[in-house]
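Student: no FASTA, just this:
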């Protein structure tokens with residue numbers, strides 16, 4: 001949780017943000033109520049953050065002295081002996097806060113040399129521990145070439161020192177789970193736990209450890225229930241990029257730690273990748289390393305637009321030129337070749353097939369213990385070589401290395417879909433969605449869930465999945481299956497609209513698409529019959545088994 005909690009009225013939001021920025025510049029982590037996520041319970045989140053903070057800065061103003069929220073937060077801070085206060089307009093403070101020192105920052109706009117502000121920072125440093133600000137900073141460690149993260153000691157909010165063991169154990173388990181993700185550089189748990197009780201903020205800890213991201217957390221136990229709150233911070237600017245709360249019954253301590261650690265690791269990986277992708281997208285492409293080139297390519301490939309896929313392939317080739325054994329770039333390039341073939345964007349499908357298969361085999365050799373690369377290799381094996389046994393063996397290896405890897409479960413769902421194992425496919429896809437419910441692969445997961453339901457002739461369910469897919473990512477796959485599903489359901493206008501949209505996205509014939517994307521004559525016929533109904537070549541809804 002954060003070092004400093006800031007309480008303020010809306011009219012002083014500018015001063016609150018200026019204070020937060022200045023404190024983060026000193027190495028403190030800061031929380032304001034504008035960081036609340038929409039689905040979080042407002043009162044509980046504020047109470048949790050205020051309780052966990054080491055200092056609470058109250059910004060008094062004419063509006064604040066009338067605010068029940070500010071008064072309540074200030075009173076809690078006073079009772080917990082961590083109140084620091086300032087006034088920005090000279091408003092008379094309510095009792096009993098007028099009996100406590102209050103810095104005068106009337107008209108303050110963020111000047112960190114203002115005498116009143118220096119009093120504030122001195123009070124916060126004394127309250128938290130002078131180590132945070134006063135310690136002479138050593139040289140900052142260089143950041144690794146891949147995403148880097150440290151897990152800080154979790155705050156024990158239970159008021160029971162006996163629960164410290166659980167909080168520390170939670171750190172160890174999360175570090176172990178993160179260490180399975182080969183695409184992330186993880187600081188050992190001993191280094192993170194060495195900051196316990198030293199009052200060092202997230203940004204300063206990141207600087208000392210040489211990482212870009214810091215995970216903070218808190219543990220609160222009440223009776224037999226445990227609430228674990230976590231937040232992931234980008235130490236470059238102190239921004240909170242992910243937060244989550246886990247709640248469960250405390251029956252088996254170690255089982256609960258394992259469960260939370262696996263879930264946290266599964267969600268941290270895509271969150272970190274998204275943050276790094278946004279950073280890479282803002283950089284000029286003529287000054288990028290293989291990792292940044294890969295991220296830029298990944299962003300373009302996920303659009304499923306022909307020209308973007310070609311550009312993604314070019315960037316992946318540039319990444320491989322810098323590092324011929326860079327597994328993520330190898331499998332991404334293979335995936336681009338596959339998309340070029342399946343959607344009719346390839347000038348030479350045979351050459352793209354050979355190239356994709358070769359890149360897949362090279363990626364398998366380069367993958368090592370990277371579960372994400374192995375999963376993508378399995379996916380490509382299923383498409384280019386239709387070797388489902390080999391693909392499943394690679395997936396078993398990937399999931400053995402990192403059972404919390406959402407992408408590996410997603411690829412397992414794809415391979416099972418293609419090998420006609422629909423029920424297990426749905427289970428794997430649902431696991432992927434549970435591990436990464438809002439990440440960038442969500443639309444693709446929904447698309448394959450839709451394909452499974454289509455193959456089971458559950459067309460009404462399939463339409464629901466494909467509609468959400470194309471709402472987030474308008475892919476040729478989504479429109480093709482929508483057209484076929486609407487055809488089976490006898491929904492003529494919807495079927496024609498999906499047909500038209502497919503043809504605007506891809507020049508590939510439906511027959512050629514089905515031959516590459518579907519396996520087995522029964523499933524290919526089911527799809528092509530639906531297309532024929534959408535095109536008016538067969539009566540709508542003519543095939544038995546269509547369920548709305």
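Tutor: That came through fine. All figures in this text were calculated on a predicted structure; none of them were measured in a lab.

Student: Residue 511: neighbouring residues, count only.
Tutor: Other residues within reach of residue 511, judged by other Cβ atoms under 10 Å, total 11. For every residue, glycine as well, the C-beta is placed using N, CA and C.

Student: Compute the distance between it and residue 346, please.
Tutor: 16 Å (Cβ to Cβ, to the nearest Å).

Student: ok, now residue 392?
Tutor: Going from residue 392 to residue 346 by Cβ to Cβ gives 28 Å.

Student: Hmm, residue 211 is touching residue 188, no?
Tutor: No: counting by Cβ atoms under 8 Å, residue 211 stays clear of residue 188, with 11.6 Å between them.

Student: Compare those two (neighbour count), which wins?
Tutor: Higher neighbour count among residue 211 and residue 188: residue 211, with 25 against 15, using other Cβ under 10 Å.

Student: Can you point out the helix or strand that includes that one?
Tutor: For residue 211, there is no helix or strand it lies in under DSSP states H and E.

Student: if I pick it, what's in contact with it?
Tutor: Residue 211 makes contact with 143, 144, 148, 149, 150, 185, 187, 235, according to Cβ atoms under 8 Å, 6 or more residues apart in numbering.

Student: try residue 301
Tutor: Neighbour list for residue 301: 308, 309, 312, 332, 335, 336, 339 [criterion: Cβ under 8 Å, 6+ apart].

Student: wait, isn't the first one in contact with residue 296?
Tutor: No: contact criterion Cβ under 8 Å: residue 308 and residue 296 do not qualify, at 10.9 Å.

Student: between those two, which one's more packed in?
Tutor: For the pair residue 308 and residue 296, the greater number of neighbours falls to residue 296 (22 against 17), based on other Cβ under 10 Å.

Student: And that one, what's its pLDDT?
Tutor: Here the pLDDT value assigned to residue 296 is 89.

Student: name the element residue 236 belongs to?
Tutor: Under DSSP H and E, no helix or strand contains residue 236.

Student: Check the gap between the nearest residue in space to it that is not next to it in sequence and residue 276 for me.
Tutor: Excluding the flanking residues, the one nearest residue 236 by Cβ to Cβ, 6 or more residues apart in numbering is residue 212, at 6.4 Å. The spacing between residue 212 and residue 276, counted by Cβ to Cβ, is 8 Å.

Student: what's the overlap in contacts for those two?
Tutor: Common neighbours of residue 212 and residue 276 (Cβ under 8 Å, 6+ apart) are residue 147.

Student: And residue 82, how close does it get to residue 146?
Tutor: With distances taken as Cβ to Cβ, residue 82 is found 38 Å from residue 146.

Student: more crowded one of those two?
Tutor: residue 82 (20 against 14).

Student: OK, contacts around that one?
Tutor: Counting by Cβ under 8 Å, 6+ apart, the residues that residue 82 touches are 53, 54, 55, 56, 127.

Student: Likewise for residue 272?
Tutor: Listed by Cβ under 8 Å, 6+ apart, the contact set of residue 272 reads 147, 149, 184, 213, 232.

Student: at 6 Å what do you get?
Tutor: Residue 272 sits next to 147, 213 when contact means Cβ atoms under 6 Å, 6 or more residues apart in numbering.

Student: and if you look at residue 182?
Tutor: By Cβ under 6 Å, 6+ apart, the contact list for residue 182 reads 369, 370.

Student: What distance do you get for it to residue 175?
Tutor: The gap separating residue 182 from residue 175 is 15 Å, by Cβ to Cβ.

Student: same check, this time on residue 147
Tutor: In this view, residue 147 and residue 175 are 15 Å apart by Cβ to Cβ.

Student: Check which residues of the longest helix along the chain are buried.
Tutor: In terms of residue count, the longest helix belonging to the chain (DSSP state H) is helix 253-281. Residues of helix 253-281 classed as buried by neighbour count (16 or more other Cβ atoms under 10 Å): 256-258, 260-277, 280.

Student: What's the first helix or strand after that helix?
Tutor: Downstream of helix 253-281, the next assigned helix or strand under DSSP H and E is helix 290-301.

Student: Walking through the stretch 51-200 of the chain, point out its helices one by one.
Tutor: 68-79, 115-128, 131-134, 164-179, 189-193 (DSSP state H, counting those that start in this stretch).

Student: Show me the least confident stretch of those, going by mean pLDDT.
Tutor: Mean pLDDT across the helices of the stretch 51-200 of the chain is lowest at helix 131-134; the value there is a mean of 40.
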